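*Asks:* just to be clear, the model below is a prediction. Sequence and coordinates:
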Amino acid sequence: MLALLGALVAAVPASAADSRDVQADGTLDWGFRQSFRNYVGQQTAALPPVGPVAVGQRITLVAPATFDTDGTPAWAASTSTPNETLPYHLPVQGGTFDSATDLRIETGGGAVFHFPSHAFTVTVKDVAVVVTGGTAALEGDLSVVIPASGASLGYTPGTYGGDDIVLGDVGTVDVDTDGDDVTVTGTGVTLTAAGAAALQDFLAAGSALDDFTVTTSLDESAAPAWKPAIAVSKTAGFDPSATESVTVTGTGFDPAANVSSRPPVTAGQSTGVYVTFGRFADVWKPSAGAPSSARSVTSQRWALPQASLTQVSTDYPSQAAALVELEADGSFTATLDVKTATATSGNYGIYVYAAGGAAANASQELFVPVSFLGDINVGVEVPETPVEPEPGAFSWTIGGSGAVSLGTAASTAAGFTASGQLPAISVEDTRVGAPAFSISGQVGTFSTADGAHSFGGQALGWTPSVTANTVGAVAGGAVAPGSVATSGLKASSTLVSGAAGHALGAVDVGAQLTLLAPADAAPGSYSATLTLTALS
C-alpha cells in the first residue's frame, strides 16, 4: 500500500472565558441628555389647553433610581429639591461578565420627562450597558406618549417605543477590572436610529447623549477551567521568499502547570510553554513520545509565569529577549517570524507545547497550520513490505526510503501541477506454470487533515515503466490526471502485468506520478491513499 501523505492541517478553536454573574450592587451614573433635561426642566411655554408642569414635577424618577446630587444640574436655577435636572443613579440589578470585551450590566429605574404642552411624556428606564466584541451600546425601555393635543402640532396621538431598544451607540468604552470590581465608562454616546424613531424624531439620530460610568462587582469566580487555545494573526498566503511576523495569542493556559525539574527554571517552578513556528513531523507531540528531532523550530518564544520569567531573566540574561509573560489568567502574546525552513518535509505551523524541564502536557500541545502562497504539499509515504522471494513463488517488494515528495504545486491556467516518481517495485515470478499476474493502483480523495478542503483522486495520474525485464512483463497504460468528468487514478488502473505462460524471472517497475489539482483548490497540504493491489 502506498500512502500519499501531506502536511497536517488542523484548526484550533478559541476558548471562551467562563462567564461570571454581575452582583446587584453599584450604580450606572447617567443623565440621558443634558440639553433635554434643561429643555424639559425650564419649560415655560403654555400651549392651550395645557399649561406648564409645576417645578419639581417636570422630571420625576422611576424607582429605584435616585438623583445624583453630586452631579451637575442641567438648569442650575431650578427651585426643586433636589434639582430635578440632575443626572441619575440607576442601581445595578445584575448581568453577566464574560470578559472586558463581552459583558452586560443591567440596571433598574429611570426618569420620566413631562412636557404635555409640547405634546410628549417620555420615560427612559431599565437601562443596560452592553459590550459585545469590544463595541458598546446602551439598551433600555423607552416609552413616548403623545396626548390628543399633539394632533394640533402635527403629531399622531398614541404610545410609542418599546422594551430593550438600543438607545445609544458608544463611541469609546473603557472597561477596568480590579479583582472582582468592574468599572465601565462610555464617551461619545449618540442616539441610535431606533431611539430617534421611538422618540418620534423629537431628537434626531446621531444626537449626543450623556457620557456614563457604571461601577459594580462580580460574583466570586470559581476556580478557572483551563482550556488552552491559540489564535494566530495570519495563517495563509505567506511569501515563500520573505520573512513575515505573526502574533500568537494564547488563552486558558494553566500558569501553575509544567513544573520544572532542572535549570534554567528553578526546580518546582512552572516552565510555561514554548511558542514556536517551524516544520514539524506528523508525529511531533512530546506526549506521544516524539523526539526533539521531530520538531524543527525556525522561530521561538518562551511564555513563562511572572515568577519564572523574572528568575530566568536574572539568572540567564541571554534568554531574556525570547521570553514573554504567561499572565495569571492564562493568557500570553508572542511574536514569531514565519519563513520557509531548510527541513524538506513536515508540516508548517504554529506549535505550542510544555517547555523544557517539565513532563509532557498533552492538554497544552496545540497546532495551527501555516501555508505559503500556492502551497499544496503532497508527499508519498511507502511502508516497507518486503517479501522474501522463494523458489517457485510470486513476490514483490517496494524499495526506496519509504517517502517521496511531490513538492509544492505550481499554479497554471489549468490548475496546480506537481510530479514525482513512484518508488521502484521489484517483482519476481518463478512459479511453475507461469500463471498470469498484475499489479494495479487506485487513489482516494485528497483532503486536508481537518477535512475542510479536498479534491478528487482523479487529480492524480501516472505513466508506468518497466526495466530489467526478464519475465516478459508489460507496463500498464499511461493514465492522465483527470477532472471531475474524467477518472484519473480514481479508477483502478494497471501498473504492470504478465500474461499466462510468461518467462520465469523478474522485472523492475516504476511510474512517473503527475498531479493536476483544481485551479480553485484552497492553499494547504493535502493527503490521499494510493493503494497497490497484486493479483497472482
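*Replies:* Received, thanks. Numbering: from 1, shown residues only.
*Asks:* what helix or strand is Val182 on?
*Replies:* Per DSSP states H and E, Val182 falls inside strand 181-191.
*Asks:* now Ser241
*Replies:* Assigned by DSSP H and E, Ser241 belongs to neither a helix nor a strand.
*Asks:* number of residues surrounding it?
*Replies:* 9 (other CB atoms under 10 Å). Where C-beta positions appear, they are placed from N, C-alpha and C, glycine not excepted.
*Asks:* how near is it to Phe372?
*Replies:* As judged by CB to CB, to the nearest Å, Ser241 and Phe372 stand 9 Å apart.
*Asks:* mind listing the helices for this structure?
*Replies:* Using DSSP state H, the helices of the chain run over 34-41, 193-198, 306-315.
*Asks:* looking at those, which is buried most?
*Replies:* Among these, the stretch with the highest mean neighbour count (mean count of other CB atoms under 10 Å) is helix 34-41, at a mean of 20.
*Asks:* show me where the stretch 251-400 of the chain has strands.
*Replies:* 273-280, 295-304, 323-325, 332-338, 347-354, 366-369, 376-381, 394-398 (DSSP state E, counting those that start in this stretch).
*Asks:* what of the stretch 1-150 of the chain?
*Replies:* Per DSSP E, counting those that start in this stretch, the stretch 1-150 of the chain carries strands over the ranges 2-4, 20-21, 27-30, 59-62, 66-67, 88-99, 102-107, 110-115, 120-132, 135-146.
*Asks:* nearest to Ser296, out of those?
*Replies:* Ser296 sits nearest to strand 2-4 of all those, at 21.6 Å, using CB to CB.
*Asks:* angle of the longest strand along the chain against strand 88-99?
*Replies:* When the chain is parsed with DSSP state E, its longest strand is strand 158-178. Following axes from the mean of the first three to the mean of the last three CA atoms, to 10 degrees, one obtains 60 degrees for the angle between strand 158-178 and strand 88-99.
*Asks:* name every strand pairing with strand 158-178 and say which way it goes.
*Replies:* Strand 158-178 has the following sheet partners, assigned by DSSP bridges: strand 135-146 (antiparallel), strand 181-191 (antiparallel).
*Asks:* mind putting these into a markdown table with distance to Thr235 and mean neighbour count?
*Replies:* Below are these laid out as a markdown table (distance: least, CB to CB, whole Å; neighbours: other CB atoms under 10 Å):
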| stretch | distance to Thr235 | mean neighbour count |
| --- | --- | --- |
| strand 135-146 | 25 | 20 |
| strand 181-191 | 33 | 19 |
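*Asks:* would CSV of these with mean pLDDT and distance to Ser465 be doable?
*Replies:* Converted to CSV, the strands paired with strand 158-178 look like this (pLDDT from 0 to 100; distance: least, CB to CB, whole Å):
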stretch, mean pLDDT, distance to Ser465
strand 135-146, 96, 64
strand 181-191, 97, 73
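*Asks:* I'd like those written out as TSV, with distance to Thr430 added.
*Replies:* Converted to TSV, the strands paired with strand 158-178 look like this (distance: least, CB to CB, whole Å):
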stretch	distance to Thr430
strand 135-146	78
strand 181-191	83
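*Asks:* sorry, back to before: can I get the longest strand of the chain in CSV, CA atoms only?
*Replies:* The C-alpha coordinates for strand 158-178 follow below in CSV (Å, rounded to 0.1, in the frame of the first residue of the first chain):
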residue,chain,number,x,y,z
GLY,A,158,-50.6,57.4,20.9
THR,A,159,-47.9,55.5,22.7
TYR,A,160,-44.6,54.6,21.0
GLY,A,161,-41.3,52.9,21.8
GLY,A,162,-40.8,49.6,23.5
ASP,A,163,-38.6,47.5,25.7
ASP,A,164,-34.9,46.7,25.2
ILE,A,165,-34.4,49.3,22.5
VAL,A,166,-30.8,50.1,21.6
LEU,A,167,-30.8,53.7,22.7
GLY,A,168,-27.2,54.8,22.3
ASP,A,169,-24.1,53.9,20.4
VAL,A,170,-21.0,54.4,22.5
GLY,A,171,-18.0,55.9,20.7
THR,A,172,-15.4,54.9,23.2
VAL,A,173,-15.7,52.4,26.0
ASP,A,174,-13.2,51.6,28.8
VAL,A,175,-13.6,48.5,31.0
ASP,A,176,-11.4,48.4,34.1
THR,A,177,-11.3,45.4,36.3
ASP,A,178,-9.7,45.3,39.8
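*Asks:* show me what it is in contact with.
*Replies:* Outside of strand 158-178, the residues within contact range by CB atoms under 8 Å, 6 or more residues apart in numbering are 100-101, 103, 124, 126-128, 131, 134-146, 182-192, 194-195, 198-200, 209.
*Asks:* tell me the buried residues in that strand?
*Replies:* Tyr160, Gly161, Ile165, Val166, Leu167, Gly168, Asp169, Val170, Val173, Val175 (16 or more other CB atoms under 10 Å).
*Asks:* take stretch 231-241, keep the C-alpha atoms, and write them as CSV.
*Replies:* Output of stretch 231-241 as CSV, limited to C-alpha atoms (Å, rounded to 0.1, in the frame of the first residue of the first chain):
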residue,chain,number,x,y,z
ALA,A,231,-5.1,32.3,17.8
VAL,A,232,-2.8,33.5,15.1
SER,A,233,-3.0,36.8,13.3
LYS,A,234,-2.3,35.3,9.9
THR,A,235,-2.1,31.7,8.8
ALA,A,236,-2.1,31.6,4.9
GLY,A,237,-0.7,33.4,1.9
PHE,A,238,2.9,33.9,3.2
ASP,A,239,5.5,34.8,0.6
PRO,A,240,8.0,31.8,0.5
SER,A,241,10.8,34.2,-0.4
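*Asks:* make 46 the first number, not 1, from now on.
*Replies:* Renumbered: residue one is now 46, and that last one reads stretch 276-286.
*Asks:* pLDDT averaged over it, what's the number?
*Replies:* For stretch 276-286, mean pLDDT rounds to 88.
*Asks:* how far does it sit from the chain's center?
*Replies:* 14 Å (CA atoms, centre = their mean, to the nearest Å).
*Asks:* what lies in contact with that stretch?
*Replies:* 57, 59, 289, 291-294, 296, 383, 385, 395, 413-418, 420, 453, 568-569.
*Asks:* buried only: go through those for me.
*Replies:* 57, 291, 293, 296, 383, 385, 395, 413-417, 420, 453, 568-569.
*Asks:* pretty sure Ile443 is touching Val472, no?
*Replies:* No: the criterion here is CB atoms under 8 Å, and Ile443 misses it with Val472 at 10.4 Å.
*Asks:* give me the more crowded residue out of these two.
*Replies:* Val472 (25 against 20).
*Asks:* check contacts around the more buried one.
*Replies:* Applying CB under 8 Å, 6+ apart to Val472 gives the contacts Phe439, Ser440, Trp441, Phe482, Ile484, Val516, Ala518, Val541, Ala551, Val552, Asp553, Val554.
*Asks:* let's see that with 10 Å instead.
*Replies:* Each residue near Val472 by CB atoms under 10 Å, 6 or more residues apart in numbering is listed here: 434, 439-442, 482, 484, 511, 514, 516, 518, 540-541, 543, 550-554, 579, 581.
*Asks:* what do you get for Ser528?
*Replies:* Each residue near Ser528 by CB under 10 Å, 6+ apart is listed here: Ala459, Gly460, Gly501, Gln503, Ala504, Leu561, Pro563.
*Asks:* return a PyMOL selection command for the buried portion of these.
*Replies:* Selection command for PyMOL covering only the buried members of these, criterion 16+ other CB under 10 Å:
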select buried, resi 460+501+503+504+561
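*Asks:* of the contacts of Val472, buried ones?
*Replies:* Neighbour counting with 16+ other CB under 10 Å marks 434, 439-441, 482, 484, 511, 514, 516, 518, 540-541, 543, 550-554, 579 as buried within the contacts of Val472.
*Asks:* distance of the residue nearest to Pro568 when sequence neighbours are not counted from Ala567?
*Replies:* Here the nearest residue to Pro568 in space, its sequence neighbours aside, is Ser416; by CB to CB, 6 or more residues apart in numbering that works out to 4.6 Å. Distance from Ser416 to Ala567, counting by CB to CB: 9 Å.
*Asks:* good, wrapping up.
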